[in-house]
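Q: Have a look at this prediction, sequence included:
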Protein chains: 2
Amino acid sequence: MSDKTVPDKPPADTLVDPGQQARWFNRVREAHQAETAEDYVELIADLIEAQGEARVVDLANRFGVSHATVNKVIVRLNREGLVSNQPYRSLFLTESGKGLARRCKERHRVVLDFLLALGIAPATAEADAEGVEHHVSEETLAAFRHFIVKQNQK
Amino acid sequence: MSDKTVPDKPPADTLVDPGQQARWFNRVREAHQAETAEDYVELIADLIEAQGEARVVDLANRFGVSHATVNKVIVRLNREGLVSNQPYRSLFLTESGKGLARRCKERHRVVLDFLLALGIAPATAEADAEGVEHHVSEETLAAFRHFIVKQNQK
DNA sequence: TTCAAATTGTTGCCAAGGCTAAACATTGTT
DNA sequence: AACAATGTTTAGCCTTGGCAACAATTTGAA
């Protein structure tokens, strides 16, 4: 195949290094692993703040899934030390869960404000932020903050 | 606990409508459903363009997963009419797969160029784009394009 | 107090996407 | 032609996060 005088395959310099690309995809997979946990602690924190408590039923409603699904996830988060709960009682965050929630809410706010500053309609911005927030690096987040500040100065 | 004269629960007007929130999360879940398919057709198209063919081994290397995993996904994509393949032969995209790949590559390019225009370092921009691209709406994509144009005019 | 409604928990099912190990096919070399 | 190396597929297992159906508990109202 490669003993011809004229190469029939173009040089592959349009493709990035395989190892590099693999690391990127790995990072996305890890982010996705963490997504559920982040969404749950974020919403639990919001519910506790706004309503005084977070119940399984509320989470199921707001995520749009069955209560059985919520329950299963809660068991995992409990195992991972993010949520503490007693049978038939409402949900609480551990210290570690509270920390994660705080960081996630801050990141969510930055992404949302950024999209709004860019001129996106509020409903779209909210929807996009929900998906995007889990995939922005610290560097990009810093650039978002910078853009928001600049935009507000105009 | 709640038999006080003063209500200890603040009004919940800081929370958005549950149905609305459920739709947002649903959209994210659907996006995630499509992510794998999009990443695969995108990479298959890139490989065919750059090397003349896309093989299971290449995909496994570039995604950073085992070849068995790639094979299983390919079977699904075949079932869904995006990829056509013969046993022990390299992979091809169907017309529908080609269309999806084209749209994904275009979207990827916009997200990447946007992050670069924002001043993000190339390596970070690539990594973030890989995760973000699946979660931006058409409206946000349009805003990204607009920003790129404005930035280039400076 | 008793009982029905609401809430929470459990069980068993499914698909997706990870993995390893082993079987199978193709290809190039000797 | 035979064989070794390379590439592909299959089989079996795991975890996550969906679901429905049923069991259990709590709570509010009669």
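A: Now that the structure is in, tell me what you want to look at.
Q: List the contacts of the residue positioned nearest the centre of chain A.
A: Nearest to the geometric centre of chain A sits A:His134, at 2.5 Å (CA atoms, centre = their mean). Contact analysis of A:His134 by CB atoms under 8 Å, 6 or more residues apart in numbering or on different chains lists A:31-32, A:34-35, A:38, B:131. C-beta here means a position set from N, CA and C on the backbone, and glycine is covered the same way.
Q: from those, which is closest to DNA strand D?
A: Distance to DNA strand D, by CB to the nearest atom of the strand, is smallest for A:Glu35 among those, at 6.6 Å.
Q: Grab the nearest non-local neighbour of A:Ala123.
A: B:Gln20 (7.9 Å; CB to CB, 6 or more residues apart in numbering or on different chains).
Q: Just give me the neighbour total for that neighbour.
A: The local packing of B:Gln20 (other CB atoms under 10 Å in any protein chain shown) involves 12 other residues.
Q: For B:Ala31, see how far away the residue nearest to the centre of chain A is.
A: 11 Å (CB to CB, to the nearest Å).
Q: swap in A:Gly19?
A: Distance from A:Gly19 to B:Ala31, by CB to CB: 27 Å.
Q: same deal with A:Leu77?
A: Distance from A:Leu77 to B:Ala31, by CB to CB: 23 Å.
Q: what about the two, which has more around it?
A: Of the pair A:Leu77 and B:Ala31, A:Leu77 is the one with more neighbours under other CB under 10 Å, namely 22 against 17.
Q: I'd like the mean pLDDT over the helix or strand hosting that one, please.
A: Following DSSP states H and E, one finds A:Leu77 within helix A:67-79. For helix A:67-79, the per-residue pLDDT values average out at 98.
Q: Stretch A:115-125 too?
A: Per-region confidence: stretch A:115-125 scores 98 on mean pLDDT.
Q: My reading is that A:Phe92 lies in a strand. Confirm?
A: Yes - under DSSP: H, G, I helix; E, B strand; the rest coil, A:Phe92 sits within a strand.
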